[in-house]
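Student: Need the 3D shape of this:
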Amino acid sequence: MPDSPERTLWAGSPALRNQWAFLLAALVCLGAGGALLARGFKRLSAAGPAAAAVLSLAALARRKSTRYTVTNERVICVFGLLGREHAELELSDIRQMGMTRSLGQRLLGVGTIQLDSSTGEGVEVLIEAVSHPHAVLELIRKARSERRAGPPPPAS
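Tutor: Take a look at the predicted model:
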């Protein structure tokens, strides 16, 4: 009997709210542009919104250039905007799972999931700054258990 087809259980990217430094800098630039405009520096005041736009686009690009996928067979991480890096880890090869959440991440409701392989040393896959990290970690744990258990016996 052939294995069931691979199906996506979860897909996501780093949370945009984890890019708070870029977004805060964008707000500061907007404020500075407004202050310059109020003081009569019309030409110079355009730099504030332009810098804010660049910073906002940088935050969005960082988020969109990373994609995580959990299937019933593996965890896939794709990184990069121009050059792409692709990392995969079979669920059956996962030896240890963990999660880290700095104080800032806890305040923002995000976390980083660490997956270690039975074939390598150290952390092999990091799923960084995802929303609802406990739920994602539990989903991976459940999928790993199901994968290790194998397919159910055929019905008679």
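Student: Going by C-alpha atoms from here, please, whenever you check contacts or count neighbours.
Tutor: Will do.
Student: which residues touch the worst-scoring helix or strand of the chain on mean pLDDT?
Tutor: The helix or strand with the lowest mean pLDDT-type score in the chain, counting by mean pLDDT, DSSP states H and E, is helix 42-45 (a mean of 84). Residues outside helix 42-45 that contact it (C-alpha atoms under 8 Å, 6 or more residues apart in numbering) are 32-37.
Student: try stretch 52-61
Tutor: Contact partners of stretch 52-61, identified using C-alpha under 8 Å, 6+ apart, comprise 16, 19, 22-23, 25-30, 81.
Student: Also stretch 90-103?
Tutor: Against stretch 90-103 from outside (C-alpha under 8 Å, 6+ apart): 72-75, 110-119, 133, 137, 140-141, 143-144, 147-148.
Student: and the residues you listed, which of them are in strands?
Tutor: The strands, defined by DSSP state E, take in 74-75, 110-117 from the contacts of stretch 90-103.
Student: ok so, going back, just the buried residues of the contacts of stretch 52-61.
Tutor: Burial by neighbour count, judged by 16 or more other C-alpha atoms under 10 Å, picks out 16, 19, 22-23, 26-30 from these.
Student: neighbour-wise, which of the ones in strands among the contacts of stretch 90-103 leads?
Tutor: If you count neighbours using other C-alpha atoms under 10 Å, the busiest of those is residue 111, which has 26 neighbours.
Student: Touching, that residue and residue 135? I think so.
Tutor: No: using C-alpha atoms under 8 Å, residue 111 makes no contact with residue 135, being 10.7 Å away.
Student: Which parts of this structure are helices?
Tutor: Counting by DSSP state H, the chain has helices at residues 20-38, 42-45, 47-64, 103-108, 133-149.
Student: could you list every residue that touches residue 71?
Tutor: The contact partners of residue 71, by C-alpha under 8 Å, 6+ apart, come to 6-10.
Student: and which of those residues is nearest residue 68?
Tutor: For these, the closest approach to residue 68 (C-alpha to C-alpha) belongs to residue 10, at 8.2 Å.
Student: just checking, that closest one touches residue 67?
Tutor: No: here residue 10 does not reach residue 67: they are 10.8 Å apart, not a contact under C-alpha under 8 Å.
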